[in-house]
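**Student:** Here's a sequence, model it:
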Amino acid sequence: MFRKTTFKLILAGILTFGTLSVGHAGTLESLERERANLLNIMLSGDIGMQERQSKLSAYQARLVDLERMVLRDKSLVGKNTPIVRSAFANYDLTFLVHASIEKDRLLMDHWFEQLGLTGQNILNTRVGRR
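**Tutor:** Numbering: from 1, shown residues only. Next comes the predicted model:
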């Protein structure tokens, strides 16, 4: 009897602490993660053009939804954390899909432009060791 009760208490404690340690990603963190995945696909040399286009269109659809969620997230209003300040200070990079649509540019072209890269810069690069 004592062992069953002790076992149940220990199990309840483990379950309680296990659920408390689970992190919760907010809308902005989810947007950052998905945007990083999109940029990884854009820059990946391991996939073909057709596969890249299909993956990019799927990620763009998700990013549009996530960008809308962040823009409408009332919990971000008044927050003065570095991630929130940075996100809204760099609108064109944070809200990549919306900004590229507003400027009527392809997503990749818009991202390169925001980073200050041109086609000529990319063509002039060389692979080397540091």
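**Student:** what element comes up after the longest helix seen in the chain heading to the C-terminus?
**Tutor:** For the chain, the longest helix by residue count, based on DSSP state H, is helix 49-72. As assigned by DSSP states H and E, the chain's next helix or strand after helix 49-72 is helix 82-89.
**Student:** what is the orientation angle of that next one with helix 49-72?
**Tutor:** Relative orientation of helix 82-89 with respect to helix 49-72: 100 degrees, computed using axes from the mean of the first three to the mean of the last three C-alpha atoms, to 10 degrees.
**Student:** Report the distance from helix 82-89 to the chain centre.
**Tutor:** Taking C-alpha atoms, centre = their mean, to the nearest Å, one finds the center of helix 82-89 at 14 Å from the center of the full chain.
**Student:** May I see the buried residues of that helix?
**Tutor:** By neighbour count, and taking 16 or more other C-beta atoms under 10 Å as the criterion, the buried residues in helix 82-89 are Val84, Ala87. Quick note: C-beta positions are derived from backbone N, CA and C, even for glycine.
**Student:** circling back: state the mean pLDDT of the longest helix of the chain.
**Tutor:** The average of the pLDDT scores along helix 49-72 is 89.
**Student:** With stretch 121-130 instead?
**Tutor:** Along stretch 121-130, the predicted local confidence has a mean pLDDT of 78.
**Student:** Flag every buried residue along it.
**Tutor:** Of the residues in stretch 121-130, none has enough neighbours to count as buried (16+ other C-beta under 10 Å).
**Student:** The helix or strand where Phe112 lies to helix 49-72, inter-axis angle?
**Tutor:** Assigned by DSSP H and E, Phe112 falls within helix 107-115. Helix 107-115 and helix 49-72 meet at an angle of 60 degrees, taking the same axes, to 10 degrees as the criterion.
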